[in-house]
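Novice: For reference, the sequence and a predicted model appear below.
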Amino acid sequence: MKTHTLSPELLHRMDAYWRAANYLSVGQIYLYDNPLLKRPLALADVKHMLLGHWGTTPGQNFIYVHLNRVIKKYDLQMIYISGPGHGGPAVVGNTYLEGTYSEVYPDISQDESGLRKLFLQFSFPGGIPSHASPECPGSIHEGGELGYSLSHSFGAVFDNPDLIAACVVGDGEAETGPLATAWHSNKFLNPVTDGAVLPILHLNGYKISNPTILARITREELEQLLRGYGWTPYFVEGREPGPMHEAMAATLDTVVEEIRRIQQEARVHGAAARPRWPMIVLNSPKGWTGPKIVDGLQVEGTFRAHQVPLSDPATHPEHLKLLEEWLKSYRPEELFDEQGRLKPDLAELAPRGDRRMGANPHANGGILLRDLRMPDFRDYAIDVPSPGAPGMGDTHVLGGFLRDVARLNDEQRNFRIFGPDETLSNGLEALFEVTARQWDAATMPNDEFLAPAGRVMEMLSEHQCEGWLEGYLLTGRHGLFNCYEAFIHIVDSMFNQHAKWLKVTSHLPWRRKIASLNYLLASHVWRQDHNGFTHQDPGFIDHVVNKKAEVVRVYLPPDANCLLSVMDHCLRSRHYVNVVIAGKHPAPQWLTMEAAVAHCSEGIGIWQWASNDQGVAPDVVMACCGDVPTLETLAAVSLMRVHLPDLKIRVVNVVDLMKLQPRTEHPHGLSDTDFDELFTTDTPVIFAFHAYPWLIHRLTYRRTNHDNIHVRGYKEEGTITTPFDMTVLNELDRFHLVMDTIDRVPRTGDTGVYLKQQLQDKLIEHRHYINTHGEDLPEIRNWKWGGST
Ligand SMILES: Cc1ncc(C[n+]2csc(CCOP(=O)(O)OP(=O)(O)O)c2C)c(N)n1
Ligand SMILES: [Mg+2]
């Protein structure tokens, strides 16, 4: 390409800026001291442990300096997402050069002593991680686990019409499932109300030790692939800095103008067709400008450049020499003055103030976060004149509340609901009374609830839903992910990364708190009537509780009023991951709204109306957690009240699972005294639990009465069967709970033995009945809580 976007003088300065960023990157990976090479490089100037990733870094430095130019030229609001986040030296170095780093960390000053500290802290004990970690200003994407850069970028620009997320996608990263499908996000972007994503596929040819697929297919195949995903790819290819600068600058001008044209056409002229957004393919050598040959092997332009190209200067004197030559090749004396400051004519290439990508407030979303306008959740209460009143399905009740959250915040445009095609199926249909699913692809006459702009985002990729939501939250908005319980496992690993991000940022005072990531897991294990075994897995919460107690919360509201109270709390909370598990099928309701609010505030408590141990020590504690276990427990209690009337029973319900943990482990944890008061120190506890039983043991193993806690939960028994049979197959049903009590409480004596026999007969009758009629026994279907009657 022969164009003249850059004057020779500007090209020269931009190249110098790039050299400065490269110099800082190599310095971070290698240098312990002597940051300006004022004296010959000695072994003592080099870190003992050489950690970091060089390969991706010069390419990202190149991109950054060019983005700086277009930010200034077009006065852009831009953030930088580093897909190959292992290029940490690039983002740290660039935010240092633009001045943000020293503003956030004044000790890392823009002088020689600051440079020394900048180099030393990188990948060093007590310092900073090697990735685009939360410590780095401007980052909302650590990029440690590859695959989520594009979905984070799209999440960031939804409802941010003036924002452009420049997203560097690693060509290795592009092989991951989440990234491969993230290209489709362009079918969900509204050019009027959303911003733009500029993907820059970093085609440096290699991963850690392999070539990348996209670098080893024909150029035509690659172009067709990207076009097939709906993008217009612009190729910037080569290795000679001069022509590459010119090509990148010209291409960036083209794509920025293209983005503006698309937005203008949609915003001003009302163009309705889905635009074909531009993107860039940057084909440049891995480890560009680094050592060419080391120990007789080519490094630059190969996979060998991935990490630390000169790995052992201590035992290889020639490595030390090569390192010095490498550093000097950037001519630091032309870039920094005597005091170690970037020369003014270079410093002025960076944008100013908030336009600097390290200082853009969207990348510290808590700054922009506004409270949601919330309806009063009490207004959606189900009328519960007495426990056991009929309910329409808890999530359907919640739907009305969420509808009004969406409605009330429509103007603020800061609330979205994400899900993989399940918003209707999870019972949240009320949302579509006020909003739609945002969809920018073609529509057909029989489609429902699709519109160019809407508060609901649905793509059949849990990865996209999670990634979009994370990007949305990290840039200061609110949201909810509704998902089938079994398939939320697909994003186990993404949840990990987000929880880690929250943990680290909660200890960085300059990072403001963001809205919590709320999971609503409906369509849960116990009611997969038409889906069966594959859809039964309540194990996500086992995974969630591995994470730092300070950032995770798990709620299992037993009925609709509790669900409303819990969700109101979650939507108002900050900097947590909240997991809420709820049912969608008609089910009995237990608590009035007033009682639900009290119960959910406590998180755990004795249900006095269901207990008969007032004033005496209980013979058994019937504990329950989750809607179906609560139902079965209450049914078991009513059986015992009839057949074992002398038995003193205490019913304890758990909404907030973290209450079970010791207070030393989780801020919600009950004190030992409170726990012992509820669960006693010596009475059998029959615990009916929504998920895998081991989790309750894990949470309570230090409690005084742990030896007496007998947990029933899901044990991988299931198929397509009746709702009650699901509990029978897993021995969580009312009959098993009663039989368990008889076994554990000797006081039940002969009456207990006879009752147990009857219940076993009942289970046989149940099996026979469902196999004949295909539905549960009438006495099960029609069962109602009647207390002692
Ligand atoms: C999901 C995931 N799998 C594996 C890794 C380990 N890993 C780190 S870097 C890398 C290669 C990345 O290659 P690419 O995306 O092309 O980045 P670049 O060439 O720019 O370094 C791999 C496999 C990872 N970080 N994340
Ligand atoms: Mg690569």
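Specialist: Ah, there it is. Ligands and ions are numbered 1, 2, ... in the order given.
Novice: Checking residue 623 next. Helix, strand or coil?
Specialist: With DSSP: H, G, I helix; E, B strand; the rest coil as the basis, residue 623 sits in strand.
Novice: Now do the helices in the stretch 101-250 of the chain.
Specialist: Using DSSP state H, counting those that start in this stretch, the helices of the stretch 101-250 of the chain run over 112-121, 149-157, 177-182, 219-228, 241-267.
Novice: Would you mind listing what in the stretch 301-450 of the chain touches ligand 1?
Specialist: residue 306 (C-beta under 6 Å from any ligand atom). Quick note: C-beta positions are derived from backbone N, CA and C, even for glycine.
Novice: which residue sits closest to the one residue in the stretch 301-450 of the chain that gets nearest to ligand 2 in space, ignoring its chain neighbours?
Specialist: Going by C-beta to the ion, ligand 2 is nearest to residue 306 of the stretch 301-450 of the chain, at 8.1 Å. Sequence neighbours aside, residue 55 is the residue nearest to residue 306 in space, at 4.2 Å (criterion: C-beta to C-beta, 6 or more residues apart in numbering).
Novice: what's the answer for residue 210, then?
Specialist: Here the residue nearest residue 210, using C-beta to C-beta, 6+ apart, is residue 303, at 6.6 Å.
Novice: wait, isn't that neighbour in contact with residue 211?
Specialist: Yes - with contact defined as C-beta atoms under 8 Å, residue 303 counts as touching residue 211 (7.3 Å).
Novice: who has more neighbours, these two?
Specialist: residue 303 (20 against 14; other C-beta atoms under 10 Å).
Novice: Contacts only, for the more buried one.
Specialist: By C-beta atoms under 8 Å, 6 or more residues apart in numbering, the residues touching residue 303 are 55, 206, 207, 208, 209, 210, 211, 286.
Novice: Need the buried ones from these selected in ChimeraX.
Specialist: Only the buried members of those enter the following ChimeraX selection, criterion being 16 or more other C-beta atoms under 10 Å:
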select :55,206,207,286
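Novice: will you turn the contacts of residue 303 into CSV that also has pLDDT?
Specialist: Shown next, in CSV, are the contacts of residue 303 (pLDDT from 0 to 100):
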residue, pLDDT
55, 98
206, 98
207, 98
208, 97
209, 97
210, 98
211, 98
286, 98
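Novice: Get me the contact residues on this protein for ligand 2.
Specialist: Within the chain, the residues that sit near ligand 2 (C-beta under 5 Å from the ion) are 170, 171, 172, 204.
Novice: Would you mind measuring from the last one to ligand 1?
Specialist: So the one you mean is residue 204. Distance, residue 204 to ligand 1, by C-beta to the nearest ligand atom, to the nearest Å: 5 Å.
Novice: Residue 692 reaches residue 711, doesn't it?
Specialist: No - Residue 692 is not in contact with residue 711 according to C-beta under 8 Å; the separation is 9.2 Å.
Novice: Which element, helix or strand, includes the residue nearest to residue 306?
Specialist: Using DSSP states H and E, residue 55 falls within no helix or strand.
Novice: Isn't it up against residue 207?
Specialist: No - checked against C-beta under 8 Å, the pair residue 55 and residue 207 is beyond contact range at 9.3 Å.
Novice: Which neighbours do these two have in common?
Specialist: Shared contacts of residue 55 and residue 207, counting by C-beta under 8 Å, 6+ apart, come down to 303, 306.
Novice: CA atoms only for stretch 525-535, dumped as CSV, please.
Specialist: Taking C-alpha atoms only, stretch 525-535 is exported to CSV below (Å, rounded to 0.1, in the frame of the first residue of the first chain):
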residue,chain,number,x,y,z
VAL,A,525,-32.2,-30.6,38.7
TRP,A,526,-35.5,-31.6,40.5
ARG,A,527,-37.8,-30.5,37.8
GLN,A,528,-36.3,-31.6,34.5
ASP,A,529,-39.5,-33.5,33.7
HIS,A,530,-39.2,-33.4,29.9
ASN,A,531,-35.4,-33.4,29.7
GLY,A,532,-34.1,-36.0,32.0
PHE,A,533,-30.7,-37.1,33.2
THR,A,534,-28.5,-34.9,30.9
HIS,A,535,-30.2,-31.8,32.3
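Novice: Now do it, average pLDDT.
Specialist: Mean per-residue pLDDT for stretch 525-535: 88.
Novice: Show me the contact partners of that stretch.
Specialist: If you take C-beta under 8 Å, 6+ apart as the criterion, stretch 525-535 is touched by 484-487, 523, 536-538, 583-585, 626-628, 690-691, 714, 718-723, 726-727.
Novice: which residues in the stretch 551-700 of the chain form strands?
Specialist: Assignment of strands within the stretch 551-700 of the chain using DSSP state E, counting those that start in this stretch yields the ranges 552-555, 577-581, 604-606, 620-625, 649-654, 685-689.
Novice: Equivalent analysis for the stretch 401-550 of the chain, please.
Specialist: 415-419, 437-438, 450-451, 456-458, 478-484, 517-522.
Novice: could the ones you listed be laid out in JSON lines, adding distance to residue 379?
Specialist: Listed next are those as JSON lines, based on distance: least, C-beta to C-beta, whole Å:
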{"stretch": "strand 415-419", "distance to residue 379": "18"}
{"stretch": "strand 437-438", "distance to residue 379": "26"}
{"stretch": "strand 450-451", "distance to residue 379": "27"}
{"stretch": "strand 456-458", "distance to residue 379": "22"}
{"stretch": "strand 478-484", "distance to residue 379": "19"}
{"stretch": "strand 517-522", "distance to residue 379": "20"}
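Novice: could those strands go into TSV alongside mean neighbour count?
Specialist: Output for the strands of the stretch 401-550 of the chain, formatted as TSV (neighbours: other C-beta atoms under 10 Å):
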stretch	mean neighbour count
strand 415-419	26
strand 437-438	22
strand 450-451	16
strand 456-458	24
strand 478-484	26
strand 517-522	26
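Novice: could the ones you listed be laid out in a markdown table, adding distance to residue 241 and mean pLDDT?
Specialist: A markdown table is the format used below for the strands of the stretch 401-550 of the chain (distance: least, C-beta to C-beta, whole Å; pLDDT from 0 to 100):
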| stretch | distance to residue 241 | mean pLDDT |
| --- | --- | --- |
| strand 415-419 | 42 | 98 |
| strand 437-438 | 42 | 98 |
| strand 450-451 | 47 | 96 |
| strand 456-458 | 41 | 98 |
| strand 478-484 | 43 | 97 |
| strand 517-522 | 42 | 97 |
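Novice: do you know how far residue 40 is from residue 311?
Specialist: Counting by C-beta to C-beta, to the nearest Å, the separation of residue 40 from residue 311 is 21 Å.
Novice: of those two, who's got more company?
Specialist: Per other C-beta under 10 Å, whichever of residue 40 and residue 311 has more neighbours is residue 311, with 13 against 9.
Novice: Can you report phi and psi for residue 291?
Specialist: Main-chain torsions, residue 291, degrees, to the nearest 10: phi -60, psi 140.
Novice: wouldn't it be in contact with residue 299 here?
Specialist: Yes - applying C-beta under 8 Å, one finds residue 291 in contact with residue 299, separated by 5.1 Å.
Novice: Look up the residues that both of the two are in contact with.
Specialist: residue 309.
Novice: More neighbours: those two, which one.
Specialist: residue 299 (23 against 20).
Novice: how about the residues of this structure near ligand 1?
Specialist: Checking the chain against ligand 1 by C-beta under 6 Å from any ligand atom, the hits are 55-56, 84, 86, 144-147, 170-173, 176, 202, 204, 206-208, 212, 286, 306.
Novice: re earlier: where neighbours are concerned, which of the residues of the chain next to ligand 2 has the most?
Specialist: residue 170 (31 neighbours).
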